[in-house]
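> dropping the sequence and predicted coords here.
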Amino acid sequence: MTQTKQHEQDVEVWVGKRFPLTIRRLGVNGHGIGYYKHKVCFVPGALPNEVVVAEVTRVLPRYLEAKIHRIRKKSRYRVTPQDDYADIAGGFELENLAYQQQLKFKRQVILDSLEKFQPYGYRNYDVRPTIAAPEQYGYRNKAQFQVRMVNGKVAAGLYQPNSHTLVDMETCAVQMPRTMETVRAVVKMIEDLQIPVYDEKKNSGIIKTLAVRESWSTGEVQLTFITNSAKLPHKRDLLERIEKELPAVVSVMQNVNPGDTPLVWGEKMIHLAGKDSILESLMGLDFKLSARSFLQLNPEQTEVLYEEASKALELDKDDTLIDAYAGIGTIGLSLASRVKAVRGMEIIPEAVADANENAKLNNITNAKYEVGKAEEVLPRWQKEGLNFDALVVDPPRTGLDDQLIKQILKVKPRKFAYVSCGMASLARNLRRLTSVYHVDYIQPIDMMPQTARCEAVVKLSLRK
Ligand SMILES: C[S@@+](CC[C@H](N)C(=O)[O-])C[C@H]1O[C@@H](n2cnc3c(N)ncnc32)[C@H](O)[C@@H]1O
């Protein structure tokens, strides 16, 4: 195409322009994708095979973003979302799509990532059908909502996609009901007591975020105020009301995270009232859970995920298992009775303290956790003479660190399960891992219905 033609096409598109668009497929973020004059156009909420009238919301050099102005031809898989704001707030991209199709989409995301990164032999991988979640709503154990003033009132919720416009969420159907009841009650208390909430433009005010986590097994709730400073005005009145009005809240914490930072959590924790943790039970074990520690968001499906990790490892009594990126030790501890020893590492100190305490709590004497980066701790353990046969890794969405991959390729543990929540990083990591390992299968598991997020367990074995 000549430069002049390209230019003519660009000026033909502007914010607000409307045109009919056929949706060809869903992108990794769950947004509908169509092509307007050969340019990719992302339309949140639009489904494959639909024809919509799209209204452009953003023009970028390589693609367009648009919203649905009207649906001309509806997908037969379109369903009515339970949340009014499903199309407004970010994070519920698939709420319009029938659940069976959501499961297919999640498997397809894996296939697309493999196609993009092309790890060795990828065309022959056994990518299994996605395991469905038992509950498609009401499963999520943690609400982490920003708190701001919206139209003169205290609001708590999620941002609109690509913006800092907060959607005040009075309900949220994917959340466990008690997490939402707690958020709304606390919003009212903040409003009544006139506690200043954060203003990012002025970097003023105190309460930035509310994090509410509920234990699936015990019903205990932990409430954390994430604040702009260690000061919390009207603290005594606030804690009194929480105690009186919210009996399920057994732990109240404050996390201090000053300034306008992209990170939600800061380093400093202050214990405000009750216990400093809540108790969760998974796989027949009890787990103490601190506010900053990671726990899977769908506890019921977590048991399925860990069972899949266990299947992929095929452990036996003489194995030493490394639980890398361990969180509070849920994977390693749930497998400890099947092996000789478990060693694990994790970067959040409170999580490691929880993991070691959780071992004691469950009378597990063959498991030990350490604070540190997997890529640094593992080589040290090697130098100290630790031999291991089995490895489970469960990294954040960014995937495995390069140094860790190098180490794994050197040590070559026989049994290796990769639990992944980032399909692009998984496919990228497999490119390197497959120089030594064979991908026996990839098992997708739906941990987060209504969202585009995918989780998978990969069974790897040494190449012959
Ligand atoms: C996806 S979570 C998995 C936690 C745990 N396996 C579970 O199932 O609950 C990833 C964990 O890795 C930790 N982490 C992040 N980077 C790390 C690193 N370089 N080394 C060790 N742990 C890390 C995070 O703090 C987080 O707890």
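Yep, that arrived.

> next one: phi and psi at whatever residue of the chain ends up closest to the ligand?
Closest to the ligand within the chain is residue 327: 2.9 Å, counting by C-beta to the nearest ligand atom. From N, CA and C alone the C-beta is placed, and that goes for glycine too. Dihedral pair for residue 327: phi 60, psi -130, per degrees, to the nearest 10.

> residue 395 is in contact with that one, correct?
No. Contact criterion C-beta atoms under 8 Å: residue 327 and residue 395 do not qualify, at 11.0 Å.

> these two - which one has more neighbours?
Neighbour tally, residue 327 and residue 395, criterion other C-beta atoms under 10 Å: the higher count belongs to residue 327, 23 against 20.

> next, work out how far apart that one and residue 342 are.
From residue 327 across to residue 342, the span is 13 Å (C-beta to C-beta, to the nearest Å).

> over to residue 300?
From residue 300 to residue 342 the distance is 24 Å (C-beta to C-beta).

> can you pull the contacts of the closest residue to residue 199 other than its chain neighbours?
Closest residue in space to residue 199, ignoring its immediate chain neighbours: residue 205 at 4.8 Å, by C-beta to C-beta, 6 or more residues apart in numbering. Contacts for residue 205 (C-beta atoms under 8 Å, 6 or more residues apart in numbering) come out as 196, 197, 198, 199, 228.

> before we move on, what about residue 334?
Per C-beta under 8 Å, 6+ apart, neighbours of residue 334: 282, 283, 284, 285, 306, 310.

> and with 10 Å instead?
Residues counted as contacts of residue 334 (C-beta atoms under 10 Å, 6 or more residues apart in numbering) are 282-285, 287, 302-303, 306-307, 309-310, 323, 342, 362, 364.

> can you name the next helix or strand after the longest helix anywhere in the chain?
Determined from DSSP state H, the single longest helix within the chain is helix 99-117. On the C-terminal side of helix 99-117, the closest following helix or strand by DSSP states H and E is strand 142-150.

> that following strand pairs with which strands?
Pairing partners of strand 142-150, with direction, according to DSSP bridges: strand 153-159 (antiparallel), strand 207-214 (antiparallel).

> export those to a markdown table and append columns for distance to the ligand and mean neighbour count.
As requested, the strands paired with strand 142-150 are exported to a markdown table (distance: least, C-beta to the nearest ligand atom, whole Å; neighbours: other C-beta atoms under 10 Å):
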| stretch | distance to the ligand | mean neighbour count |
| --- | --- | --- |
| strand 153-159 | 20 | 19 |
| strand 207-214 | 13 | 24 |
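
> ranking the ones you listed by mean pLDDT, which is last?
In terms of average pLDDT, strand 153-159 trails the rest of those, at a mean of 95.

> pairing partners for the helix or strand following it, with directions?
Going down the chain from strand 153-159, the next helix or strand is strand 166-168, by DSSP H and E. For strand 166-168, the paired strands and their directions (DSSP bridges) read strand 153-159 (antiparallel).

> contacting residues for the residue nearest to residue 395 when sequence neighbours are not counted?
Beyond its immediate neighbours in the sequence, the residue positioned closest to residue 395 (C-beta to C-beta, 6+ apart) is residue 325, lying 4.8 Å away. By C-beta under 10 Å, 6+ apart, residue 325 lies in contact with 294, 331, 344-347, 373-374, 392-396, 400, 404, 419.

> among these, which are located in strands?
Within the contacts of residue 325, residues falling in strands by DSSP state E are 344, 345, 346, 392, 393, 419.

> intersect these with the contacts of the ligand.
Filtering those for neighbours of the ligand using C-beta under 6 Å from any ligand atom leaves 345, 346.

> which pair in the ones in strands among the contacts of residue 325 spans the largest distance?
Maximum pairwise distance among these (C-beta to C-beta): 15.1 Å, between 345 and 419.

> okay, and residue 55 sits in which element?
For residue 55, the element it lies in under DSSP H and E is strand 51-59.

> list the strands paired with that strand, with their directions.
Partners of strand 51-59 in the sheet, by DSSP bridges, are strand 18-22 (antiparallel), strand 63-73 (antiparallel).

> for those strands, give me JSON lines that also has distance to residue 108.
Below are the strands paired with strand 51-59 laid out as JSON lines (distance: least, C-beta to C-beta, whole Å):
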{"stretch": "strand 18-22", "distance to residue 108": "19"}
{"stretch": "strand 63-73", "distance to residue 108": "20"}
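
> closest one to residue 368 among those strands?
strand 63-73 (48.9 Å).

> for the protein, which residues are neighbours of the ligand?
Counting by C-beta under 6 Å from any ligand atom, the chain sits next to the ligand at 294-296, 325-327, 330-331, 345-348, 351, 373-375, 394-396, 401, 421.

> repeat the analysis, applying 8 Å as the threshold.
Within the chain, the positions adjacent to the ligand are 293-296, 302, 305-306, 323-331, 345-348, 351, 372-377, 392, 394-398, 401, 404, 419, 421 by C-beta under 8 Å from any ligand atom.

> pull the number of nearby residues for the nearest residue to residue 428 once chain neighbours are set aside.
Among residues not flanking residue 428 along the chain, residue 117 sits closest, at 5.0 Å (C-beta to C-beta, 6+ apart). Applying other C-beta under 10 Å, we find 17 residues neighbouring residue 117.
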